[in-house]
Structure formats: structure tokens, C-alpha cells
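Asker: generate a structure from the sequence data that follows.
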Amino acid sequence: PCALKNAELPQTLKNARVLCVGAGGIGCELLKTLVVSGFENIQVIDLDTIETSNLNRQFLFRRQHVGQSKAATAANVIKGIKSNASITAHHANVKEAQFGVDFIKGFSIILNGLDNLEARRHVNRLAMAAEVPLVESGTAGYLGQVTVHLKNRTECFECTPKTAPKTYPICTLRNTPDKPIHCVVWAKDLLFSRLFGRSDEVTDLDDPAAEGGPGEQQEGQQSTSNGAEGNGVTQQKDQNTNQKNEEEGRKRKEEEATFFVRREAESPLEYAVRVFQRAYTHDIERLAAVKTMWTKRAPPKPLHLSQLLPEGPAAAIQPVGQAEVTPTSVCKCLGLGNPNEKWSPRDAARVFLASVCAYYEKRSAEVGSLTFDKDDDLAVEFVTAASALRSFNYDIPTQSLFDAKGMAGNIIHAIATTNAIISGLIVIEAIKILAGAPSALRSTYLNEQPSSKRLLGPNKPEPPKPECLACGTATLTLRANAHTLTLGALVSQVLKRHLAVNVPFLTCGDFMYEEGEGLEEDEVETYRALLPRAISKLPGGGLQGGSILNVSDESQHLKFDMIIQHQEDLPEEEAPEGFILEGSAPKPQELQQQNHAAAEEDGVQEKQQVDQRKTHAHKVDASGAVDLISDGEEEVARRQRGSKRGVASGDGEGPSKRARMDQTEEAIVLD
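Answerer: Numbers count the residues shown, from 1 in each chain. You can find the predicted model right below:
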């Protein structure tokens, strides 16, 4: 465009105040490209510190920088490239109150290089509220995209629905896994959390492996097969049997609640062996005995430690005990140094026992507060071994250490050249914005394979969508059992985790819930006491079917309504966490009238069947920790836009043909 040839443009770039969010794979390349393009006034925010695994693609960092702040280190290195540039680093979380709307208003443009969906949503909302242009980006392997977002001119980051994290029904994870990912998720989210996480945290491992164990079923069958109805002796026997079953069930629940807790005077190895026998022997035997579960597939096979390690557990992991230093990797001590090699059942058992012992002997201070971290070698080794053993139980293909780490950490390994291409595209769009050339803006997608002899697919940004949660006037519908969903789950899982609400303020009639600074201690305690309550039991009549919950977040200048739709029979496959969140709901007034009429007629709250146009449904993952960066969801929108445009137009904006990744829902970039 002619604007790019403007003689004043170099001075414009020099004076522009640029905020870069993220100093990782994309951020390092972006900072370098900015300063060599003429930008001199830059601030960068990043919470992370430098890991050894970052060094193969984040080229501003060297080995001596490991453990230091990414933002501060990147700023210092960039000053060495261009000494007259002003680079201010913030080693902090972009969601902190200090980086609110007033802070954002002080910049000419925001450039995002983040690696998680929640933070990207937060920055998008701040940018929309402050009316500051935002250039978004993401990479996943050889794929990448750069999108441009201007308030009231283009769609914002949240106008296009984002793919929800992949979720798996608990019953599948616990009882009938049939894919490698099922075993990995079981090992990471259930077993690791139970052994090394908070001691008061209960997971689904605390329930019996199969509902109604073989003992209960056999006794129940006997009680109904002895004698005929009306026989007093038989009825008395049945009553005694039922009482016995109830007592045994109560004792078993008490034992289950503490089984995975290390017992007093129990050595780490004894504890590891006991957990192994429970998880891979006894539970599997119990499941295999439930014949009705295995009519269409072979039952699982128990693993016996005495067969895998005939020399005994202590002798099998002896090299770890002989290590002179605190092991960060039991694999190295056991001679399993190849991360691409798949382990045998024996090797998996050795790593399992050794990693449990290492945590309790070498890192005991951390036990009780650990969460899975893909950068913790010992955690990855434990999860790999635990998932491999479960795969052997169910005859599922096992994964190497390298592959299991990618699955457990939801990783698509980043490629330096992809980051470099994307950072260059970010700067190009930033220059267009600052040059005053909005008609030249493009959202560009990087393909793995050429499409029409082109790797880059540019599209004109779409206009804003009125129903968008962040920049439009959205009304959402929450389908859930109002008698079992707690306020705590609503706040933490639905609002904070799924909708990225930072500081929620909720009202509905006489009910109010508030978080944030400025609250008195008694107010905090009052609101905290409401969290365990079912939403139908909240003050002011509770949140029933048809209730309209007003949600706002002043830190993001965000407001929207959420309609509660009570439904008791949500299928677990569709709603693993017990609720489904949907957009493009019917008008709140219409739904409320329907529910009032039903309540007056029946005198009780009925399940509401609401006719609504569903544009998308988000299902929330229990692990929570799944952060998305590989925006395959962008591909969906691109395909829709391409199908409308048909053949390529004169400016080269044809339909997108970028192949969607096989595991888009589960992938993040290793930034």
C-alpha cells in the first residue's frame, strides 16, 4: 500500500509503544524482528523461566540462562542487538491486576505470542475493552496462523469458537480403556495425582475398580435364588445378607479412602509394591471377573510382580539406591537412556517402583503438593511407566518416553522455522496497522503442504459477530443438574477454566457472589461458605431451571448472561464433567416464561426442554490443565469462509486447504 511508502513511517514505528505478551518460541523471534524492523519502544510480559528444553528453538537464550526469567533475559539480549531500543521486561502473569485496561491503553498495539487459551482470551478482552489493536498468533509443528483484531472493525479472537479440550468418560479411563491416550490420562490425572498430590484430594481411584465387585454380585445372586417369595426363613436370610453387604461396603469405602496414602512405618518400596499390586493385579482381576463387561472384547490380564521381577523388587531397582546424587531421572540409573525406545513389562515395572521410591526418598518435601509437570523428568517417567503397565493389562500399544511425554503434556513440538515465519507475519500486520492501512490487513495461515503452490493462505479479517461473548452481546446456556452442580464447580470449572473469567461477580435476583480485592474478611468467608452448595440451594431461591445468572468481570470489562437449564440425565459421554455450555441461546425472557409456567402448573421445578439454535457446545476437561495453542478451530472458520468465497479472487484469497491435525483438541505448542 501507498501508506507503507510514507516517509513518516520509520518515525511512526520508532515512537510506537508495543506490548509483546510472551517471550517463548514466538516471542523470541518476534522481539528480534521488531527491533531490526525499526521498533524501539517495547514492553514484554512473561511469567516463565528458561528451561533446558527451550534452547533448541528460543535462540535468545543460552545454557547459562537456564532458570532465569524469559522476559528479563530476552530484553537484555535484544538490547545487545540494538542498544538504543527501550525494552522493558515484566516477569509476571499478564492476568495480574497491574496489567488491567488502563495499562493496556498506554500502548499503540498488542502482539500476542502466548501458549495457552485462557491467557489469550484474557488479553483479547483487555484489548477490546481498551480499543487497542491486537495481533494474535499460534504455531503447532509446521502449522501456524496470525490473526488481526480491531475493535468494531474485525472479529475478535473469541468470535470464532475454540475447540474444547478433549475429554474422556471416567468409566472408560477406569474400566475399559482401548487407546494409548486413555492409559496416559489415567496415569497422569488419576494415579499420579493420588500418589503425589494433595492428600485430601479424592480421585476416581478411590472408588472400587468396578461398580459392585464380584463378591457383592455373587451374594446378591444367592439371596434372590434361595427359596420363593413369602418364605420367612429366606427373607430373614436375605435381610441378614443385605445387612452384611452394607457393612462390608461401608468398611470397603473406609479402606478405599486411605488405600493410596502411605502407611506409618511403611517403606517407600513396600508402598510402591502395594500400589502396583492394587492397580495392576487386584483391580484388574476384579474387573475381569465382571463377565458382562467383556462380551465384545477380551478381558484385561493382571500383571504379577513376582513374574516380572523374579529377583525381587529391591534387587530390580538396586542401581537407583546406589546413586550418590539425588536422581532427576531414574531411567538413567536403570540404564534406560533412549527416550524413543518402548519398554518391556519388566522395564516398566522397574521404572514404576523406582520413580515412586525416588519421590518419597529423594523429594519427600514435595510429595503432597505435586501436580504433573511435563518438564519434570521424574514425573514423565512415572506416567510413562504407569501407562505402559496399564497398556499391557489391556493389550493396548505402548508408547515410548518421548511419545508419552507429548501425550501427557498435550504437546506438539515446536519448530523454529515456523516460529520465525509467524513472527515475521506478525510484524508485517503490525506495520500495516500503524501505517493506517486497515484495508490491507490479512489473517494469514501457514500450511504444512503447499496449496495452489503457496504455503501461506491470507484472508481478509471477518467482521465482528454480534453473539460473541467478548465483543458482542452474548447469552449462554448452561445445561446441568442444578441439584448436584455446586457453586464452586460453576465458578472454577465453568467460569474461570472454560470461559476464562478472571474475577467473577455473579448476581441473580437476591443471590450475589463476588471475588477480588476490597472485600472484608467476613464477606470473603460468607462467599466461601457458599461454594460447596448445590446451585439450586443458594440464597434467594437458588439457581433453578430458567434462572438467568448475570456474570461480569470488571478486570476484563466483561458482561454476559447465562441461562441455567436444569437437566438430570445428561449422558456421561456428552458431558463428562456433568454440564454442557452452549451459545446462541434463546432470549432469556422466553425461557424464563416457559419455566415460570411449568413451575406454576406442577408446583415443582421440572427439567426444561428448550428449543434453541446451537452454534457450538463446549465440554470441559477434568484435568484442567489442558492449554490449547494449536488452533485447529481457526481452520474450521477458514473452511467456512473458503466455501463461501469459492474460487480464489483477484487478491489471492481462495478457500483454505490447510489440513487439520489429527489431534487438534489435545495439542499445544511446546513454547
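Asker: point out where the protein drops to low pLDDT.
Answerer: Scanning the chain for pLDDT under 70 picks out the ranges 1-4, 163-166, 199-257, 321-327, 411, 473-474, 584-671.
Asker: repeat the analysis, applying 50 as the threshold.
Answerer: Residue ranges of the chain with pLDDT under 50: 208-234, 325, 584-671.
Asker: and the strands in the stretch 101-250 of the chain?
Answerer: For the stretch 101-250 of the chain, applying DSSP state E, counting those that start in this stretch gives strands covering 109-112, 134-140, 143-149.
Asker: which other residues reach the shortest one?
Answerer: Read that as strand 109-112. If you take Cβ atoms under 8 Å, 6 or more residues apart in numbering as the criterion, strand 109-112 is touched by 16-22, 30, 34, 104, 120, 123, 127, 132-137, 426, 430, 433-434. C-betas here are computed from N, CA, C, even on glycine.
Asker: what do you get for the last one?
Answerer: The set of residues that contact strand 143-149 without belonging to it, under Cβ under 8 Å, 6+ apart, is 124, 127-128, 133-138, 154-157, 418-419, 421-422, 425-426, 429, 433, 441-448, 461, 630-631, 634, 658, 661.
Asker: count of neighbours near the nearest residue to Arg153 once chain neighbours are set aside?
Answerer: Excluding the flanking residues, the one nearest Arg153 by Cβ to Cβ, 6 or more residues apart in numbering is Pro438, at 6.5 Å. Using other Cβ atoms under 10 Å, Pro438 is surrounded by 16 other residues.
Asker: measure Pro438 to Thr160 for me?
Answerer: Pro438 sits 19 Å away from Thr160, going by Cβ to Cβ, to the nearest Å.
Asker: do the same with Gly337
Answerer: Gly337 sits 44 Å away from Thr160 when distances are taken as Cβ to Cβ.
Asker: out of the two, which sits in the more crowded spot?
Answerer: For the pair Gly337 and Thr160, the greater number of neighbours falls to Thr160 (20 against 11), based on other Cβ under 10 Å.
Asker: which phi and psi does that one have?
Answerer: Main-chain dihedrals, Thr160, degrees, to the nearest 10: phi -90, psi 120.
Asker: just Val18 next, same as before
Answerer: Main-chain torsions, Val18, degrees, to the nearest 10: phi -110, psi 130.
Asker: that one bridge partners, please.
Answerer: Counting by DSSP bridges, Val18 forms beta bridges with Ile42, Ile109.
Asker: contacting residues around it?
Answerer: The neighbours of Val18, taking Cβ under 8 Å, 6+ apart as the test, are 34, 39, 41-43, 107-111, 430.
Asker: pick the one among the residues you listed closest to Thr49.
Answerer: Minimum separation from Thr49 among the contacts of Val18 (Cβ to Cβ) is found for Gln43, which lies at 18.7 Å.
Asker: do I have it right that the closest one meets Ala92?
Answerer: No: between Gln43 and Ala92 there is no contact under Cβ atoms under 8 Å: 11.3 Å.
Asker: go ahead and confirm Ile26 touches Glu136.
Answerer: No: under the criterion of Cβ under 8 Å, Ile26 is not in contact with Glu136, lying 10.6 Å apart.
Asker: who has more neighbours out of those two?
Answerer: Shown here are Ile26 and Glu136; by other Cβ under 10 Å, Ile26 has more neighbours (32 against 26).
Asker: how close does that one sit to Leu353?
Answerer: 41 Å.
Asker: before we move on, back to that, show me which of the contacts of strand 143-149 are buried.
Answerer: Buried residues within those, defined by neighbour count using 16 or more other Cβ atoms under 10 Å: 124, 127-128, 133-138, 154-157, 418-419, 421-422, 425-426, 429, 433, 441-447, 461, 630-631, 634, 658, 661.
Asker: out of those residues, which sit inside helices?
Answerer: 124, 127-128, 418-419, 421-422, 425-426, 429, 433, 634 (DSSP state H).
Asker: ok, so of the residues you listed, who is nearest Gly80?
Answerer: Nearest member of those to Gly80, counting by Cβ to Cβ, is Asn419, at 20.3 Å.
Asker: what about the closest one, distance to Phe579?
Answerer: For Asn419, the distance to Phe579 - Cβ to Cβ - is 37 Å.
Asker: if we can go back for a sec, out of Gln43 and Ala92, which sits in the more crowded spot?
Answerer: More crowded of Gln43 and Ala92, by other Cβ under 10 Å: Gln43, with 20 against 14.
Asker: remind me which helix or strand the closest residue in space to the more buried one that isn't next to it in sequence belongs to.
Answerer: Counting by Cβ to Cβ, 6+ apart, the nearest residue to Gln43 once its immediate chain neighbours are dropped is Thr88, at 4.4 Å. Secondary structure assigned from DSSP states H and E places Thr88 in strand 86-90.
Asker: just how off-centre is that strand within its chain?
Answerer: 30 Å (Cα atoms, centre = their mean, to the nearest Å).
Asker: how about stretch 77-90?
Answerer: Taking Cα atoms, centre = their mean, one finds stretch 77-90 lying 34 Å from the centre of the chain it belongs to.
Asker: can I get that stretch as CSV, trimmed to CA atoms?
Answerer: Provided in CSV are the C-alpha atoms of stretch 77-90 (Å, rounded to 0.1, in the frame of the first residue of the first chain):
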residue,chain,number,x,y,z
VAL,A,77,19.8,-9.9,24.8
ILE,A,78,17.7,-7.6,22.5
LYS,A,79,19.5,-4.6,23.9
GLY,A,80,22.7,-6.1,22.8
ILE,A,81,21.3,-6.4,19.3
LYS,A,82,20.0,-2.8,19.3
SER,A,83,21.4,-0.7,22.1
ASN,A,84,19.2,2.3,21.6
ALA,A,85,16.0,0.3,21.9
SER,A,86,13.9,0.7,25.1
ILE,A,87,12.9,-2.8,26.2
THR,A,88,11.1,-3.1,29.5
ALA,A,89,10.6,-6.6,30.9
HIS,A,90,7.8,-7.8,33.3
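Asker: all helices for the stretch 401-550 of the chain, in order.
Answerer: Under the criterion DSSP state H, counting those that start in this stretch, helices of the stretch 401-550 of the chain are mapped to 401-408, 416-434, 487-489, 521-530.
Asker: for Glu515, which of these is the nearest?
Answerer: Closest to Glu515 of the helices of the stretch 401-550 of the chain, according to Cβ to Cβ: helix 521-530, at 7.2 Å.
Asker: in that closest one, what's buried?
Answerer: Buried, per 16+ other Cβ under 10 Å, within helix 521-530: 527, 530.
Asker: same thing with stretch 68-79?
Answerer: Residues 69-75, 77-78 are the ones in stretch 68-79 that count as buried (16+ other Cβ under 10 Å).
Asker: what of stretch 275-285?
Answerer: Within stretch 275-285, the residues that qualify as buried are 275-277, 279-281, 283-284, counting by 16+ other Cβ under 10 Å.
Asker: so how far is it off the chain centroid?
Answerer: 29 Å.
Asker: again with stretch 129-147
Answerer: Averaging C-alpha coordinates over stretch 129-147 and over its chain gives two centres that are 19 Å apart (Cα atoms, centre = their mean).
Asker: quick one: end-to-end distance for that stretch.
Answerer: Terminal residues of stretch 129-147 are spaced 18 Å apart (Cα to Cα, to the nearest Å).
Asker: equivalent analysis for stretch 512-529, please.
Answerer: Calculated as Cα to Cα, the first-to-last residue distance of stretch 512-529 is 13 Å.
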